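Undergrad: here is the input, now give the coordinates:
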Amino acid sequence: MLELRSVCKHFGGVAATDGVSLALPAGEAHALIGPNGAGKTTLLAQICGSLTPDSGDIFFEGRKITRDPQHRRVAAGLARSYQITSIFRRANVLDNLALAVQARSGTSFRFWRPVSAEKRLFEEARALAAEIGLGARLEVAAAALSHGEQRALEVGLALATRPKLLLLDEPMAGMGPEDSQRMVELIARLRGGLTLLLVEHDMDAVFRLADRISVLVNGRLIATDAPQRIKENAEVRKAYLGEEAIA
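TA: Residues are numbered from 1 along each chain as shown. Take a look at the predicted model:
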């Protein structure tokens, strides 16, 4: 589904990503972990197209997308959520999702018809709201949602594009235990139905959700393996997780 070949990105003298090579098969839930400043978000930005690598190549379903703009990648089936929640705050939940569905479908609201006439569009938006746990919150303005609900809504906006590969950048950031648990349950429901690349600092969530884990330190991948083998990897223990975290 996704292949990175020696992807490098420098900012001045700092190598944010340094020769990163990685392959994700279709249907895999893959976690990318590492300390703050390791280059995780920079790597996601290169995959989704908001940053262009200085060298190396990115392939999606076997086609090189290294220089493709973001909208072309979204149309091909690659979507992303962000560390900082990005939603239409003044619109309600239903309209947020309807706008995302409309953007994907390529249709536009007919000028001389009421928006409510777009039945199929809103049916899909309601189905998405139910899938992300906001089926009872359709008329609530996005700004009035809890932080956890806003994060779920952003995932819904990404799902509206009908992605094959979904990049999730710290979806549990800033959440309390209850909201984190709901997000873990949502991501667990998505597993298998599409390919997931998850950046997350909540290790309990990572080890519960991931089929494989890659560890990024100072822009370089130091390990990619199954969760249990990552726990046992001495280099990972030293560089990131720490002996106490593994005990």
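Undergrad: name the residue closest to the centre of the protein, please.
TA: residue 168 (1.8 Å; C-alpha atoms, centre = their mean).
Undergrad: can you map out the strands along the protein?
TA: 2-11, 14-24, 29-33, 55-60, 63-64, 78-80, 165-169, 195-199, 212-217, 220-225 (DSSP state E).
Undergrad: returning to what we had before: for the residue lying closest to the residue nearest to the centre of the chain once chain neighbours are set aside, which residues make a bridge with it?
TA: Closest residue to residue 168 apart from its sequence neighbours, by C-beta to C-beta, 6 or more residues apart in numbering: residue 198 at 4.8 Å. Just so you know, the C-beta spots here come from the backbone N, C-alpha and C atoms, and that holds for glycine as well. In this entry, residue 198 is beta-bridged to residue 31, residue 168, by DSSP bridges.
Undergrad: residue 198: neighbour count?
TA: Number of residues near residue 198 (other C-beta atoms under 10 Å) recorded here: 24.
Undergrad: just residue 71 next, same as before
TA: Residue 71: 10 neighbours (other C-beta under 10 Å).
Undergrad: same question for residue 165.
TA: 24.
Undergrad: that one touches residue 2, doesn't it?
TA: Yes - using C-beta atoms under 8 Å, residue 165 is in contact with residue 2, at 5.9 Å.
Undergrad: joint contacts of these two?
TA: 24, 60, 195, 197 (C-beta atoms under 8 Å, 6 or more residues apart in numbering).
Undergrad: hey, which helix or strand in this structure has the poorest pLDDT?
TA: Within the chain, no helix or strand scores below helix 243-246, which has a mean of 46 by mean pLDDT, DSSP states H and E.
Undergrad: please report the distance of residue 222 from residue 53.
TA: 20 Å (C-beta to C-beta, to the nearest Å).
Undergrad: more neighbours, the two?
TA: Comparing residue 222 with residue 53 by other C-beta under 10 Å, the one with more neighbours is residue 53, at 23 against 17.
Undergrad: re the thing from before, tell me who's in contact with the residue nearest to residue 168.
TA: Going by C-beta under 8 Å, 6+ apart, residue 198 touches 29-32, 168, 171, 187, 206, 209-210.
Undergrad: out of the residues you listed, which are buried?
TA: Buried members of those, scored by 16 or more other C-beta atoms under 10 Å, are 29-32, 168, 171, 187, 206, 209-210.
Undergrad: make CSV out of these and add distance to residue 42 and pLDDT.
TA: Converted to CSV, the buried ones among the contacts of residue 198 look like this (distance: C-beta to C-beta, whole Å; pLDDT from 0 to 100):
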residue, distance to residue 42, pLDDT
29, 21, 97
30, 17, 98
31, 17, 97
32, 11, 96
168, 16, 95
171, 18, 92
187, 22, 95
206, 19, 94
209, 22, 96
210, 20, 97
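Undergrad: for residue 48, state which of those is nearest.
TA: Using C-beta to C-beta, residue 168 comes nearest to residue 48 of the buried ones among the contacts of residue 198, at 11.4 Å.
Undergrad: isn't the closest one right up against residue 199?
TA: Yes - using C-beta under 8 Å, residue 168 is in contact with residue 199, at 6.8 Å.
Undergrad: distance of residue 32 from residue 199?
TA: For residue 32 relative to residue 199 (C-beta to C-beta), the value is 5 Å.
Undergrad: same question for residue 187.
TA: 12 Å.
Undergrad: quick check: neighbours shared by these two?
TA: residue 168.
Undergrad: could I get the contacting residues of residue 227?
TA: 206-207, 210, 212-213.
Undergrad: which ones are touching the nearest residue to it once chain neighbours are set aside?
TA: Excluding the flanking residues, the one nearest residue 227 by C-beta to C-beta, 6+ apart is residue 207, at 4.8 Å. By C-beta under 8 Å, 6+ apart, the contact list for residue 207 reads 213, 227, 231.
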